[in-house]
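1. Kindly generate the corresponding structure for this input.
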Amino acid sequence: MATDTRTRMIEATALLIRQRGYHGTSLNDILSASGAPRGSLYFHFPGGKDQLVVEVTRASVAEVTERLGAELASESDPAVAVRRIYQSVARMLEENEFSLGCPIAPVVLDAPNDVPDLAEICRVAFEQWIGLLRQAFMRAGVVEPRAQALALLVESSLEGLMVIARATRDRAPLAAVADEVVALVEAAVRSGKTKQSAQAADLPLEGP
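-> Numbering: from 1, shown residues only. Have a look, this model is predicted:
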């Protein structure tokens, strides 16, 4: 754990929020886990718990967004990238012994409508993640309506599978669903390329 007080509070809060959610994490929990005195919390975060949780959640979302974007950009075949994403999630769950899942799911389930900034961060996060997936599918030739549906399918299945894997302490559900989702992505890419080829064949030849 980091030695400076501010960083210790951020790291402790990030872990507690993923374990207990927003309402399940108290200031005393944060102070106890970080070893920070109460006065230092308000020194570093004048807005108290809400400001701290907002900053932590924003940073967690940025990290996931960066990793997801990099994974999708590194592979021209979105089906391969999607399989790697499922495998990455499975490894993450095993490494933390099935104790932690999506960094914003506990916040969303807590419905923190009394902290509008926090609710907005979560809403935008899902839009970004689904958007990155949709764009990857469209780059591979999948038409927009189907690309959006596939992106929603991938994101929603990952969110649900993290809960199931944590409950069963088993990564097998992720592997099983990954096979089915990857097959759907492959089929959508093939269909998109077929339509593109057919449209290209129907184009009139340009004259000299």
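
2. Hmm, P37 is touching L27, no?
-> No - the criterion here is C-beta atoms under 8 Å, and P37 misses it with L27 at 11.8 Å. Any C-beta I mention is one placed from the backbone N, CA and C, and that applies to glycine too.

3. how much space is there between the spatially most central residue of the chain and L158?
-> The structure's the chain has its C-alpha centroid closest to V64; by C-alpha atoms, centre = their mean the separation is 5.4 Å. According to C-beta to C-beta, to the nearest Å, V64 stands 11 Å off from L158.

4. cool, and F43?
-> 38 Å.

5. Tell me which of these two has more neighbours.
-> Higher neighbour count among F43 and L158: L158, with 21 against 12, using other C-beta atoms under 10 Å.

6. Show the pLDDT at the residue nearest to T13 when sequence neighbours are not counted.
-> Spatially, and ignoring its direct neighbours in sequence, T13 is nearest to V56 (4.8 Å; C-beta to C-beta, 6 or more residues apart in numbering). The model reports V56 with a pLDDT of 96.

7. element containing V56?
-> helix 48-73 (DSSP states H and E).

8. Now do the following helix or strand past that helix against helix 48-73, angle only.
-> Using DSSP H and E, the helix or strand that follows helix 48-73 towards the C-terminus is helix 78-95. Interaxial angle of helix 78-95 relative to helix 48-73 (axes from the mean of the first three to the mean of the last three C-alpha atoms, to 10 degrees): 140 degrees.
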